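A.B. asks: Generate coordinates for the sequence data below:
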Amino acid sequence: MIKQQVCGTVFGVILNDTVSVQKIGSLEEAPYKGAPKAPVLYLKPANTRVACGAAVSLPAGADSVEVAATIGLVMGRAAGRLAAGNALEAVAGVVLAADLSLPHTSYYRPAIREKCFDGSLPISSVKPLADLAGLTLTTEIDGQVVDTRSLNDLIRSPAKLLADVTEWMTLSQGDVLLVGVRYMAPQAKAGSTVRISAEGLGSLNFTIAEGVAA
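C.D. replies: Sure, this is the predicted structure:
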């Protein structure tokens, strides 16, 4: 039985899959002026977390949201300077997660408003750590499959990502590291029902509530 809970900081990472890199195109030109040499992290603060079955209200004026399915590694202990060969030994379990973002086209400036609104990270309960290498995530919106992704497309595997992040930053027990989200993920409209699933991990279900008038 998994007793670990998500009680710490949730870290996300961008540009960690081949599809996203292909979509965004060359990073050598302005404003980026070069591809990242280390994991590019962002935070999903406590106000973003909601449980399975939640109704997520969009910010005022928004009528759609990107739904990026991913997996979160839940830390079972404090960990720094992990080696890729045994990094997953520090992981207590995993969560299914939907990283919700208001549509935006650039990673040059931190997308705080777009990614950190209330309820923008529905997550499942903690599941036992599984073999993530060939895991496939399926996203359904209003009963229709809109996206499937295999974690085989990760540029840094979960173990390598953990090693690279903890090389310079200690993760605490209860922290979560999302393994990567797709750039320009499928969009759900206000009023939609969303389901994210993966074999062996069950499903994560939530709805997008009608937005507040601007």
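A.B. asks: List the neighbouring strands of the helix or strand harbouring V74 plus their orientation.
C.D. replies: With secondary structure defined by DSSP states H and E, V74 is part of strand 64-75. Paired neighbours of strand 64-75 in the sheet (DSSP bridges): strand 91-101 (antiparallel), strand 176-178 (antiparallel), strand 187-189 (antiparallel).
A.B. asks: quick one: the helices in this structure?
C.D. replies: Along the chain, counting by DSSP state H, helices occupy 18-24, 112-115, 158-166.
A.B. asks: Now do the buried residues in the second one.
C.D. replies: Using 16 or more other CB atoms under 10 Å as the test for burial, helix 112-115 gives E114, K115. Using the backbone N, CA and C atoms, a C-beta is placed for each residue, glycine as well.
A.B. asks: Could you do stretch 41-57 as well?
C.D. replies: For stretch 41-57, a neighbour-count test (16+ other CB under 10 Å) marks Y42, K44, T48, R49, V50, C52, A54, V56, S57 as buried.
A.B. asks: List the buried residues for the helix or strand of the chain with the lowest mean pLDDT?
C.D. replies: Least confident helix or strand, the chain: helix 18-24 with a mean of 80, by mean pLDDT, DSSP states H and E. If you call a residue buried by 16+ other CB under 10 Å, then helix 18-24 has these buried ones: S20, V21, I24.
A.B. asks: And for stretch 92-108?
C.D. replies: Across stretch 92-108, burial judged by 16+ other CB under 10 Å covers A92, G93, V94, V95, L96, A97, A98, D99, L100, S101, L102, Y107.
A.B. asks: Relative to L73, which of those is nearest.
C.D. replies: Set against L73, the nearest of the buried residues of stretch 92-108 by CB to CB is V94 (6.1 Å).
A.B. asks: now that closest one, which residues is it bridged with?
C.D. replies: L73, K127.
A.B. asks: Also D147?
C.D. replies: Bridge pairing for D147 - DSSP bridges - gives T139.
A.B. asks: contacting residues around it?
C.D. replies: Neighbour list for D147: A69, L137, T138, T139, R182, A185, P186 [criterion: CB atoms under 8 Å, 6 or more residues apart in numbering].
A.B. asks: For those, pick the one with the most neighbours.
C.D. replies: With neighbours taken as other CB atoms under 10 Å, the top of the contacts of D147 is A69, carrying 26 neighbours.
A.B. asks: When you compare pLDDT across the contacts of D147, which one is lowest?
C.D. replies: Model confidence across those bottoms out at R182, which has 89.
A.B. asks: S20 is in contact with that one, correct?
C.D. replies: Yes: counting by CB atoms under 8 Å, R182 does reach S20; the two are 5.6 Å apart.
A.B. asks: what are the ranges of the strands in this structure?
C.D. replies: Remark: strands assigned in the chain by DSSP state E are 10-14, 40-44, 49-51, 55-57, 64-75, 91-101, 121-123, 136-141, 144-150, 176-178, 187-189, 193-198, 202-209.
A.B. asks: What strands line up against the third one, and which way round?
C.D. replies: To tie it back to what came earlier, the one meant is strand 49-51. Each strand paired with strand 49-51, and its direction, by DSSP bridges: strand 121-123 (parallel).
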